[in-house]
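Visitor: structure, please.
(3 chains)
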Amino acid sequence: MTEKLLKKDDIGKLYSELEKEYKFYAPTKVQGNIAFKQISNAEEIELEYLNSKVPPKDVLFPQKEIIFEYRYEGKEVIIEERKDLDDKLLIFGVRPCDAYSFKLLEDFFASGDFQDDVFLKKRENATIIGIGCNSPRQSCFCTSVGGHPFQKESTDIFLSDLGDNYLVEAISEKGENLVKKLSWLVDIKKGDVEKSKELAKLAEDSFTTKFNFDLVTKVLDENFEHPVWQEISESCIGCSSCTFLCPTCTCFDVIDENDEYNNRGRRIRIWDTCQSCLYTLETSGHNPRPAKIQRCRNRIMHKFSYYPSNYDCLGCVGCGRCITACPVNNELRLIIDKILEIEEKSGEKVSA
Amino acid sequence: MGLETEIKDIETNLREIAKGLLKEKKVDVIIGYMEGTLPMLSQPIIIDNEEDVDKLLWNNLCYVNLAKYLVPRVPRFVDPEKGNLKVGVVSKGCVGRALIHLASENKINLDEITIIGIPCNGVVNRQRIEMEIGEKEILEVSVLGNNVIVKGKDFEKEFPFDEYMNDLCKGCKIRKPPLISKYPDLCVGECEEYSSIVDEFTDIEEYDSKTPEEKWKYITDALSVCTRCYACREACPMCYCNLCFVDQNKPIWFGKTTDLPDVIVYHLIRAMHMAGRCVACGACSLVCPMGIDLNKINRKLEKIVKERFGFTSGLDPDAKPPMVDFKMEDAEEFMLEED
Amino acid sequence: MPNPYIPVLTKVKSMVSENEVNDIKTFELEFVNEEEYKAFDYIPGQFAEISIIGKGECPIGIASSPTEEGTIKFTIKKMGTVTSGFHNCDIGDTIGVRGPLGNGWPMEELKGKNIVVIGGGFAFSTLRSLVLYVLDDKHRKDYGDITVIYGNRNSGEVLYRDVLEEWEKRDDIDVVLTIDREEEGWARKVGFVAAVVKEVAPSSENAVAVVCGPPIMIKTAQDELEKLNWKDEQILNSLEMRMKCGIGKCGRCNIGEKFVCIDGPVFSLAELKRMPKEY
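Guide: Predicted coordinates:
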């Protein structure tokens, strides 16, 4: 594994070299928030940030995505598939939780008999430069879902913020090739790798939120109809902030947009949310999940019960965005506490 | 009176009243606010016994409009046998206005509500503070003198409350819920009778002074980050339509994407649907995950409604909002003159 | 592998009205490209996402049997925007098809067994596919006795009359048609499907029941089967859910951890009882 040093002053140089070959996405300030956008000059890159409001999933799985375009010639339909899926992308500054979410998204879209070509082609052409978290937040809990603030596995190149420099570690083959190309990167000095390990340990020890998710999955599997769900869904207002800002939520709606006057149009997919009452509404009027409590329950079950059943891992990366974004503060930690209380109470009954 | 004392007084009175109401069974449940799990947040809480009144609090971070939970009634407010329970709602001025306006639209029955009035002294503009602090985690929020103190791992900053209050709250003239003479038992606590409101709309002065091109740029820039999450619609007590115009498909009025045309049409049409109904609670701006100050658009429309129809929403449960009614005095300068 | 989101193009060859009020039509589609037809290898019970490109897409069960060569058939009821669009089609219009999707009826496991087909109303389309497949000369000997119980509100609602009349003439299949209320000119049975099931009393020995129809019919018919000692594993249902992608990616058709579009739409009653009641 190649290890090099990237001076923070050289970020501009990194950008100008890479933007010739890649579409360069980096954290930048948009209307006061950090967002991962394609940047047009190095000054736009924000190096001091906690995390973006909208997760970088929206680079590979945007809110609106064209599936195909079409035009009518009389009764004939000509379908034009996407041609830009072979463009190379580089996403700079992805936190380990979001990098892990890319792996979950990839596994999900590739699973089963049908592969989602649109996402998978883009993922294949994307290079992820991750960066470790020196200061995880109170709402972060990646260590409880098998992650770590300095987890490197899902990235191609991993950066550790040592102050004036970044320690650069090539993780994957793609990463190795890229680091070799960046021949001007400086050699590491004695102590750099140790410093990174120290920062990793400090970050790991700073977590205040910790869960035992194995227990959570077990309790969820056994308590689908438990009255605790009434309490959990009480203050929820059914907006979709938690699902839209979640790095692993992938539900979408498919819509045909038709330009009648020009006999052409496109089929697009847009983000959708299981929290909407229309999500499962059938044309006949029948709705499998008409009540808010069922929709609230579905999201938690999906992340912590159905996902483990289907893919052997949790559907959550511990980024904490749902915790900070919920307008009524009906946050995940409270929900998990209430769920685990079921187990405690039943334990008491047994022993008494 | 310093900010700290104000908060303490409001809280103590509130808890006493709540305790009394529950004890004398004048209400079955009370909905109010409690401590959030993170600094700068608060959450709604529903209590049904006196022991829990100490969970109720007031801390200038109570930005959710509690009237939302009455339309439609959340299951906790309905007993399978008794029917609708009597609900006590901890109300700042705008929450009280919302309840009364919903009554004027026949969505709630004021006989089933008790408004627990508190003299709101403004809500902190948390998004402005968070943006000024920037990319550093806020670990503690407290009040000292007339300042809001925000602390993090290696920083501490003071924000004068008068300046960092929500723009809406700065010029607010309806800080306590309105008293309605027709419903003498409706309000307990601090409420006030309002005969006429003079609203200077100081919060949109800066916006209003822009040229049309500048206004358009301001709106398009602000809305460019919208993710179409609909937190604004779900937090607004006036948005109670069973099928929102956004979701209709016969016909599909416009798209649901984050393309600028779709976003602008959504917000502007929603603002039109709010004209004459908005109670200026600011929940839409404060719940937006992207921090967009949505309320500016609504307030501009409220200014126009006030000028043309002399109407302020939420003060009279019998008054019809201007968009569903007409009066012979309504100006008709757009009509042709009679010969 | 071809992109599963891109529809294959077909043309409307014929449209046949199936009921008196003219809101259910069967569309026969022929593929523009012969190879794409050959690649559309389906079994009864599967569905496809068919679309009027520009209006929208909806999941419809395939009504034709793979033994009916050359074209595929879908029976569509006019309910919403997209289905109304179908009903306003002309011969020769282009229809997009994505499929075949779903797990279909378990034709291999049904071999050697007696099959009891219980259908109600408009849900009979994939049952038509199943019965035609089983009755085909190539397959008939692989399967045991076949009983079809098919109920409708009134005689005007009975679908596939031509095919049903053919079946009634055969001696290797037992067809019992019923309508809810007496009608002049209707010589066959009268009564709800559940009552007819009770009367016919199909034996559960070495048999599988395939039940498709409105929820109330499914419930009452299954109750009758239970009284006749049918086990949950022997009863199959085909579920309907709102679907968009049809390939298990958009998330909305989930019931618990299963997706109706890939793990279903065919589920046994035993499986359904283990799933949350959100369908």
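Visitor: where do the domain boundaries of the chain fall?
Guide: Because you didn't say which chain, this covers chain A. Per the record, chain A has its domains at A:3-205, A:213-346, by automatic domain parsing.
Visitor: actually it's chain C I care about, not the one you picked
Guide: According to automatic domain parsing, the ranges for chain C are C:8-101, C:107-238.
Visitor: circling back: so which of the domains of chain A is nearest B:Tyr183?
Guide: Ranking these by distance to B:Tyr183, with Cβ to Cβ as the measure, places domain A:213-346 first at 27.0 Å. The C-beta positions use only the backbone N, C-alpha and C, and glycine is treated the same way.
Visitor: how long is the closest one end to end?
Guide: 18 Å (Cα to Cα, to the nearest Å).
Visitor: quick check: mean pLDDT of it?
Guide: Mean pLDDT, computed over domain A:213-346, is 92.
Visitor: before we move on, the earlier item: who wins for proximity to C:Leu110 among the domains of chain A?
Guide: For C:Leu110, the closest of the domains of chain A is domain A:3-205, at 21.9 Å, according to Cβ to Cβ.
Visitor: and the closest residue to chain B within the stretch 51-200 of chain C, its phi and psi?
Guide: Chain B sits closest to C:Thr81 of the stretch 51-200 of chain C, with a gap of 5.9 Å, by Cβ to the nearest Cβ. Main-chain dihedrals, C:Thr81, degrees, to the nearest 10: phi -60, psi -50.
Visitor: burial count for it?
Guide: 15 (other Cβ atoms under 10 Å in any protein chain shown).
Visitor: same thing with A:Phe211?
Guide: 19.
Visitor: returning to what we had before: any chance of the domains of chain C in JSON lines, plus distance to A:Ile91 and mean pLDDT?
Guide: Listed next are those as JSON lines, based on distance: least, Cβ to Cβ, whole Å; pLDDT from 0 to 100:
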{"stretch": "domain C:8-101", "distance to A:Ile91": "31", "mean pLDDT": "93"}
{"stretch": "domain C:107-238", "distance to A:Ile91": "43", "mean pLDDT": "91"}
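Visitor: any chance of the ones you listed in TSV, plus distance to B:Asn65?
Guide: Output for those, formatted as TSV (distance: least, Cβ to Cβ, whole Å):
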stretch	distance to B:Asn65
domain C:8-101	35
domain C:107-238	39
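Visitor: check contacts around the closest residue to B:Asp293 other than its chain neighbours.
Guide: Excluding the flanking residues, the one nearest B:Asp293 by Cβ to Cβ, 6 or more residues apart in numbering or on different chains is B:Ser285, at 4.9 Å. B:Ser285 makes contacts with B:Gln127, B:Asn166, B:Leu168, B:Cys232, B:Ile292, B:Asp293, B:Leu294, B:Asn295, as judged by Cβ atoms under 8 Å, 6 or more residues apart in numbering or on different chains.
Visitor: about what we covered before: list the contacts of the residue of the stretch 51-200 of chain C closest to chain B.
Guide: By Cβ under 8 Å, 6+ apart, C:Thr81 lies in contact with B:Asn249, B:Lys250, C:Lys55, C:Gly56.
Visitor: which residues touch the closest residue in space to the last one that isn't next to it in sequence?
Guide: Nearest in space to C:Gly56, with sequence neighbours left out and distances taken as Cβ to Cβ, 6+ apart, is C:Val82 at 4.0 Å. Residues touching C:Val82, when contacts are defined by Cβ under 8 Å, 6+ apart, comprise C:Ser51, C:Ile52, C:Lys55, C:Gly56, C:Glu57, C:Cys58.
Visitor: tell me the contacts of the fifth one?
Guide: I take that to be C:Glu57. Contacts of C:Glu57 (Cβ under 8 Å, 6+ apart): A:Val254, A:Asp256, C:Pro7, C:Glu49, C:Ile50, C:Ser51, C:Val82, C:Gly96, C:Arg98, C:Lys244.
Visitor: OK, contacts around the nearest residue to the third one once chain neighbours are set aside?
Guide: Translated: C:Pro7. Once flanking residues are discounted, C:Pro7 sits nearest to C:Gly96: 3.0 Å by Cβ to Cβ, 6+ apart. Applying Cβ under 8 Å, 6+ apart, we find C:Gly96 in contact with A:Val77, C:Pro7, C:Val8, C:Leu9, C:Thr10, C:Ile50, C:Ser51, C:Ile52, C:Ile53, C:Glu57.
Visitor: list the beta-bridge partners for C:Gly96.
Guide: Legend: beta-bridge partners of C:Gly96 under DSSP bridges are C:Leu9, C:Ser51.
Visitor: tell me the spacing between it and C:Val32.
Guide: Look at C:Gly96 and C:Val32: by Cβ to Cβ, to the nearest Å, they are 11 Å apart.
Visitor: now do the shared contacts for the two.
Guide: C:Val8, C:Leu9, C:Thr10.
Visitor: name the residues of the stretch 201-350 of chain A found near chain B, please.
Guide: Within the stretch 201-350 of chain A, the positions adjacent to chain B are A:230, A:234-235, A:237-241, A:244-245, A:253, A:255, A:257, A:268, A:270-271, A:276, A:278, A:293, A:323-325, A:327-331, A:333-334 by Cβ under 8 Å from any Cβ of the partner chain.
Visitor: quick one: buried ones out of those?
Guide: Burial by neighbour count, 16 or more other Cβ atoms under 10 Å in any protein chain shown: within these this picks out A:234-235, A:237-241, A:244-245, A:253, A:255, A:257, A:268, A:270-271, A:276, A:278, A:293, A:323-325, A:327-331, A:333-334.
Visitor: how about the residues of the stretch 1-150 of chain B by chain A?
Guide: B:36-38, B:41-46, B:64, B:68-69, B:74-76, B:127, B:131, B:134-137, B:139.
Visitor: look at A:Leu178 and report its pLDDT.
Guide: Looking at A:Leu178, its pLDDT is 93.
Visitor: quick one: it and A:Phe92 touch, right?
Guide: No: with contacts counted by Cβ atoms under 8 Å, A:Leu178 stays clear of A:Phe92, the gap being 11.5 Å.
Visitor: and the helices in chain B?
Guide: Ranges of helices in chain B, per DSSP state H, are B:3-23, B:93-104, B:126-133, B:161-164, B:167-170, B:205-208, B:212-223, B:231-235, B:260-274, B:283-287, B:295-309.
Visitor: could those helices go into a markdown table alongside mean pLDDT and distance to A:Leu60?
Guide: As requested, these are exported to a markdown table (pLDDT from 0 to 100; distance: least, Cβ to Cβ, whole Å):
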| stretch | mean pLDDT | distance to A:Leu60 |
| --- | --- | --- |
| helix B:3-23 | 90 | 46 |
| helix B:93-104 | 94 | 41 |
| helix B:126-133 | 90 | 27 |
| helix B:161-164 | 92 | 38 |
| helix B:167-170 | 89 | 38 |
| helix B:205-208 | 90 | 37 |
| helix B:212-223 | 94 | 24 |
| helix B:231-235 | 93 | 24 |
| helix B:260-274 | 94 | 22 |
| helix B:283-287 | 91 | 28 |
| helix B:295-309 | 91 | 33 |
